[in-house]
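In: I'd like to go over a predicted model; first the sequence, then the structure.
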Amino acid sequence: MELNKRLISLTSLMVVLLATVTFQSKAQEDIFGIDRKIKSKKSESEVGNAFRNAVSNFSFELSTGAGYHENRLIFNSEMPENYPITDLSTMEPAELTIEDTISFRNNNFAYPLNLGVRLNLFDMLVVGAGYGREWGSFDEFNGAGNTFTLEEEQYTYDKFYGTVGLILWDAKKRGAFLRWQYRKYSEGNISMQNQLKQRARQFYPWRIIAEGEFGSMKLKKSLDPRLTASSGYYGVGLRFERDLSEYSKVFIKPAAEFRPYEYNMTDPMEIQSLKQSIYTLQVGVSMSLPGSKRCKVAGCKVVMKHLHNGVEYRGSSIWKRQNRKVGQWYGN
């Protein structure tokens, strides 16, 4: 039930954001009969134009990688003899008392696979949602000369997550930084002003995003029948993107996630908390939805973005940069 509520909340958020972006795009057109942004006119109808401008802010992505996880269980019980704890020196059940508190620890590797959708909000924020699966291994849970035995050594879990990212650096912020850097030169210094314009107009493919993640987990293959993941998790990461074209990009993302698990006993009725920290390095590809339609006009060989009857079309495939410079023309 809680998982369904989270999914409904994420879906509602995406619908609201889409409506907001559509409204903003529509509001920018036909004020007093004048288009404020000619390049945003991507359809002959106002509704179609607003929809295409909104859709162009969405992207789909696929990522995978590897992670190193650390696990910790602070054990204390009124009936420790009922737990699967073994004394490593004798290989017999550990003789513990109610006063004993043991910190069990272990670590190993995990391999995630994620599929997500992102929405760019005004080149300032990036919000998203997605589904992921992770496969991992679990070593012996040792502490104070004892081992806490779980039934399995491998686990698989699914997650549904949302993300919120702040764009720290991109082409626009680089342009603003260059203008600040050249502020000491007067407008009459033609040489330096031309240099500024040339540098500002250069194609800059890099983007850095600070990202937060939250979500819920569902164990598909648990380490133990008593182990559950009823609470949500959270994580932080730093995402480095490189544009391959206007619509496709690759990225690398180092991140850390923090997850709570519960080991539930029925005799006695108590819960032992297990905390997992995982540090991952993921690589992925992302594809944005094109707002401009591919030009189908017979005989038109233009490979840049161009207009037909006031509507913008793209002349190249989504895998190519649309407005290439001299020396960059290598097919459509």
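Out: Looks like it arrived, so ask away. These figures come from a predicted structure and were not determined experimentally.
In: Tell me how many other residues crowd Arg72.
Out: 16 (other CB atoms under 10 Å). Where you see a C-beta, it was placed from the backbone N, CA and C, and this is true even at glycine.
In: Tell me which residues touch it, please.
Out: 103-105, 274-275 (CB atoms under 8 Å, 6 or more residues apart in numbering).
In: and what of Tyr68?
Out: Tyr68 sits next to 107-110, 278-280 when contact means CB under 8 Å, 6+ apart.
In: where does Asn323 land in three-state SS?
Out: coil (DSSP: H, G, I helix; E, B strand; the rest coil).
In: pLDDT value on it, please?
Out: pLDDT for Asn323: 70.
In: and what of the one 5 residues further on?
Out: You'll see Gln328 listed with a pLDDT of 52.
In: about what we covered before: among the contacts of Tyr68, which ones are in strands?
Out: Residues of these located in strands (DSSP state E): 107-110, 278-280.
In: Just the buried ones from the contacts of Arg72, in ChimeraX syntax?
Out: Selecting only the buried entries of the contacts of Arg72 in ChimeraX, with 16 or more other CB atoms under 10 Å as the criterion:
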select :104,274
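In: re the thing from before, looking at the ones in strands among the contacts of Tyr68, which one is closest to Glu44?
Out: Nearest to Glu44 among these is Thr280, at 46.2 Å by CB to CB.
In: Return the list of strands paired to the helix or strand where Glu241 lies, each annotated with direction.
Out: Using DSSP states H and E, Glu241 sits within strand 233-243. In its sheet, strand 233-243 lies beside strand 206-221 (antiparallel), strand 248-266 (antiparallel), with partners assigned from DSSP bridges.
In: I'd like these as CSV, with mean neighbour count and distance to Arg242 appended.
Out: As requested, the strands paired with strand 233-243 are exported to CSV (neighbours: other CB atoms under 10 Å; distance: least, CB to CB, whole Å):
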stretch, mean neighbour count, distance to Arg242
strand 206-221, 17, 6
strand 248-266, 17, 6
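In: All the strands of the stretch 101-250 of the chain, residue numbers only.
Out: 102-121, 125-137, 141-143, 146-148, 154-169, 206-221, 227-228, 233-243, 248-266 (DSSP state E, counting those that start in this stretch).
In: Walk me through the domains of the chain.
Out: 1-55, 58-289, 292-332 (automatic domain parsing).
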